[in-house]
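Participant: sequence first, predicted model second:
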Amino acid sequence: MRYPYSVDGQLLSKISSNDWSVLSIDLDGNLSFCNDVFQRVYQIVGESVIGVNIDALMNSSDVGLIKSAVHQLLMQKMNTPLTVTLKQPGILLCDDFITYTISPVSDRRDHPIAFVLIGMLNQESDKQSMYKDHVDATILNGQNREWFREVANYMNAMIWMSNHLHQMIYVNQAWLKFRGMSIDVELDKGWIDGVYADDQYGVNQALQEAYHSKKSIDIQFRFRKYDASYRWVQMEGAPMYSSLDDFIGYTGTLTDITSIKEVQLQLNRQKEQMELSKAEFAKFTKIAQRINVVIVLCNASYHITWVNDSFVKLTGFTLREVNGKNPIDILSGADTDPIIINKLRKAIEQGKSLRTELVFYAKNGNKIWLDLKFETLFDKVGNIIGFLTLQNDITKKKMTEKDVEAQMQHLKEIANIASFELRHEFSKILQILQTAKFQQHSLEGYQQILSDIETSANTMNQAISKISDEVGIASNTNLSLNKFLLNQTIEEIILVDDDHMINKLNSVIIRNVIPNMPVTIFDNIDEALDYLTNNPTMKRKIFLDLNFMGRNGWDFLDAFEKMNQPWPVIILTSSIDHNDYEKSKKYANVTHFITKPLTVPQFEALSELDETAPFGQ
């Protein structure tokens, strides 16, 4: 380090000597020069402390002596040096002092601009021996900074040190290697330039708060690496104090925590996805609870994790009772077809879909016929994560098939009565009357004719009673003339309702029963009528709501009746007004009056439309 002022030979000799400690300070007490001896005594590196105030280098007692002498020299304009005796740092168990002479350094106009302090080291051998004996204790207590820096450069961890003005005065080789910078760039506030722009304000605030409170430093920020990439780092530091308990700065480490941050970010993303999935599942369950289709969710081991309310109502089992159990084990019974069960198990093993009909049993032992649609759920990479089962109760449908067989038998009986018994007796009456025209009869003869006619009439009456009984039996089944009309092959179902959500839910129900059936939706009466006018020949069934804003369902029926189209209309309304029901009977196309909501059993009871569009096509 070069002495910054004019120097004579004597001063130059002392500066280069190993026995003299020489330093200079400006009028504010900031260090402007120190020789090697001073650096060794105070265990500092000269270039790093230029401009540092002596408050940060010496204990408060010594600083007070120096500043008092400087003040006296300035006030009295003295050129005669003053002497001060300062304690030599680094000696723990005994006192060792250096006596310095303080002289002003003046410019050409003889104005003082600095002060030079020159002190001779104490050469007493016992004191030197004591210093040597206790140098280890000095190091362990953090006093020997030069030794600390040498050791730090061998460490893989990034080490740093700052002074009491929170200026960086040292970083080790690991830091410089990470940054790809020279130490001159990193010292003072230079290292801050490497902090990510968005993080700089927070880092400066945290450092200022730490220096103000003298508390430990723990900051995370993004720091530029030698390859221009930004890495997440954690700066940790602890305050340092001199042997006289004066605060002298901080020292600590800088750790690359990018991998930890990436894991944290990944966990946060997974948490966000879980929250999103949770929200989506909540939407799913809200819809699933509003429809009458039984829904069962299972995990990858085909154990139940969730069921909707329709499952509980149909089977009598609560979610708590079936959670974690195999649905086949708890729902199978005596009439459950083992062949179908084997197909279901095979679909589970192979991760395939399946559509079938089978018998399950409710909690109370009742037999339930189900139309079961089984789907395998996969993650993004194709791994099985669970199974979804949609089940429709088709017990009524199965019972209806038996009713149809019985009804057909009754209709055959009606046909037999009409074709034989009635025609036979009617022909007999006609024959008697025609014969009577051409013969002369006595009173007894007419009485016999009338008796024969009476007998035939009674026989016809009995036949009519039989027909009435058979018609009554047939009409008491689940089938009706309206159902016959509905049971015709159709090409389209039309929903006319201004409630968008109801239309969506009804579409789900219809497509669940008839997957490939086209469903056309209108929320406006005029648009529906225009469509029917332009497409009059397509075979269809129309589900109509009565209540609309503006033109209503009655307006639709009035206009549709004028079109003379044969397609049946099913009124699907929230109205429970009996007058509406009676009014609907006046329209020839209206076949049914149903109160919302439309359910799968209701739709299946209306029509066996699935027979016109086989499942899976």
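Facilitator: Yep, it's here.

Participant: from here on, just use CA atoms for contacts and neighbour counts.
Facilitator: OK.

Participant: quick one: name whatever helix or strand follows the least confident helix or strand in the chain by mean pLDDT.
Facilitator: Least confident element among the helices and strands of the chain, by mean pLDDT, DSSP states H and E: helix 135-140 (a mean of 34). Next in sequence after helix 135-140, counting helices and strands by DSSP states H and E, comes helix 145-152.

Participant: dump that following helix to CSV, restricted to CA.
Facilitator: What follows is helix 145-152, C-alpha atoms only, in CSV (Å, rounded to 0.1, in the frame of the first residue of the first chain):
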residue,chain,number,x,y,z
ARG,A,145,-9.2,-12.2,10.5
GLU,A,146,-6.3,-12.9,8.2
TRP,A,147,-6.1,-16.4,9.4
PHE,A,148,-9.9,-16.7,9.0
ARG,A,149,-9.7,-15.6,5.4
GLU,A,150,-7.0,-18.0,4.5
VAL,A,151,-9.0,-20.9,5.9
ALA,A,152,-12.2,-19.7,4.3
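
Participant: could you say what helices and strands it packs with?
Facilitator: Of the remaining helices and strands, none touches helix 145-152 by 3 or more CA pairs under 8 Å, 6 or more residues apart in numbering; DSSP states H and E.

Participant: distance from it to the middle of the chain?
Facilitator: 51 Å (CA atoms, centre = their mean, to the nearest Å).

Participant: and the next helix or strand past it?
Facilitator: strand 158-163.

Participant: list the contacts of N79.
Facilitator: L73, S103, P104 (CA atoms under 8 Å, 6 or more residues apart in numbering).

Participant: quick one: residues contacting the second one.
Facilitator: Same thing as S103. S103 neighbours (CA under 8 Å, 6+ apart): N79, T80, P81, L82, F115, V116, L117.

Participant: where do the helices sit along the stretch 1-150 of the chain?
Facilitator: Taking DSSP state H, counting those that start in this stretch, the helices of the stretch 1-150 of the chain run over residues 9-16, 36-42, 46-49, 60-76, 125-133, 135-140, 145-152.

Participant: who are the packing partners of the third one?
Facilitator: This points to helix 46-49. strand 31-34, strand 168-171.

Participant: what's the last one packed up against?
Facilitator: Using 3+ CA pairs under 8 Å, 6+ apart as the contact criterion, the neighbours of strand 168-171 among helices and strands are helix 46-49, strand 158-163, helix 183-186.

Participant: which residues does that strand contact?
Facilitator: Under CA under 8 Å, 6+ apart, the answer for strand 168-171 is 48-49, 158-163, 183, 186-189.

Participant: need the CA coordinates for it. PDB is fine.
Facilitator: C-alpha atoms of strand 168-171 as PDB (Å, rounded to 0.1, in the frame of the first residue of the first chain):
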ATOM      1  CA  MET A 168     -18.800  -6.100   2.000                       C
ATOM      2  CA  ILE A 169     -15.100  -6.300   2.900                       C
ATOM      3  CA  TYR A 170     -14.400 -10.000   2.000                       C
ATOM      4  CA  VAL A 171     -15.700 -12.900   0.000                       C
END
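
Participant: after it, next one along is what?
Facilitator: Next element after strand 168-171 (DSSP H and E): helix 173-179.

Participant: pull the CA atoms of that following helix into CSV?
Facilitator: In CSV, the C-alpha atoms belonging to helix 173-179 read as follows (Å, rounded to 0.1, in the frame of the first residue of the first chain):
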residue,chain,number,x,y,z
GLN,A,173,-12.8,-18.1,-3.5
ALA,A,174,-16.0,-20.2,-3.6
TRP,A,175,-18.1,-17.1,-3.8
LEU,A,176,-15.9,-15.6,-6.6
LYS,A,177,-16.0,-19.0,-8.5
PHE,A,178,-19.8,-19.0,-8.2
ARG,A,179,-20.1,-15.4,-9.5
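
Participant: flag every buried residue along it.
Facilitator: Q173, A174, W175, L176, R179 (16 or more other CA atoms under 10 Å).

Participant: got the contact list for the first one?
Facilitator: The neighbourhood of Q173, defined by CA under 8 Å, 6+ apart, consists of A152, N153, Y154, M158.

Participant: now those: which count as buried?
Facilitator: Here, 16+ other CA under 10 Å leaves A152, N153, M158 buried among the contacts of Q173.
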